[in-house]
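# sequence unknown, structure follows:
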């Protein structure tokens, strides 16, 4: 039987590649009501509900080999203690991955390629609180 902590609980993020970030941001903001969480030189993050975000990325490789567009990068959320259980399960199956990588807020991720070559992030983002919805509330 699979460890109950080694299960996916939801999607953390999805990224889309665009050469016109402002037009895509306007569509998702105005058309669908998503609020900007942050804007960087090569990407915009939009709140997508209270526990997920949508990335709008300019073309090109980002950290961990991620790219938007045809090559989709997305993150799956795991429960408290679930990242370690997931790592153990992947090792049992002989699946290679990078990490765990600890992020600035103390949350951790692993990065694994799916059979189609998409980079899948498995993230314990919500283990230490609901920061995505707190960020949305802070933006008003």
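All right, it came through fine. Keep in mind that what you see is a predicted model, and the values were worked out from it rather than measured.
# Can you report how many residues lie near residue 36?
Other residues within reach of residue 36 by the criterion other C-beta atoms under 10 Å amount to 16. Placement of C-beta: from N, CA and C, glycine included.
# err, residue 25, not the other one
Residues lying near residue 25 (other C-beta under 10 Å) number 18.
# quick one: average confidence on the helix or strand containing it?
Mapping residue 25 onto the secondary structure by DSSP states H and E places it in helix 21-26. Helix 21-26 shows a mean pLDDT of 89 in the predicted model.
# who's in contact with residue 44?
Contact analysis of residue 44 by C-beta atoms under 8 Å, 6 or more residues apart in numbering lists 21, 25, 36, 38, 55, 56.
# What confidence value was assigned to residue 39?
In this prediction, residue 39 carries a pLDDT score of 96.
# Would you double-check that it falls in a strand?
Yes. Residue assignment for residue 39, taken from DSSP: H, G, I helix; E, B strand; the rest coil, places it within a strand.
# Report the beta-bridge partners for it.
residue 44 (DSSP bridges).
# quick one: secondary structure of residue 12?
Assignment for residue 12 (three-state DSSP): strand.
# Leaving out the residues flanking it, which one is nearest to it?
On the basis of C-beta to C-beta, 6 or more residues apart in numbering, the spatially nearest residue to residue 12 that is not a chain neighbour turns out to be residue 75, at 3.7 Å.
# mind checking which helix or strand the one you found is in?
Applying DSSP H and E as the criterion places residue 75 in strand 74-77.
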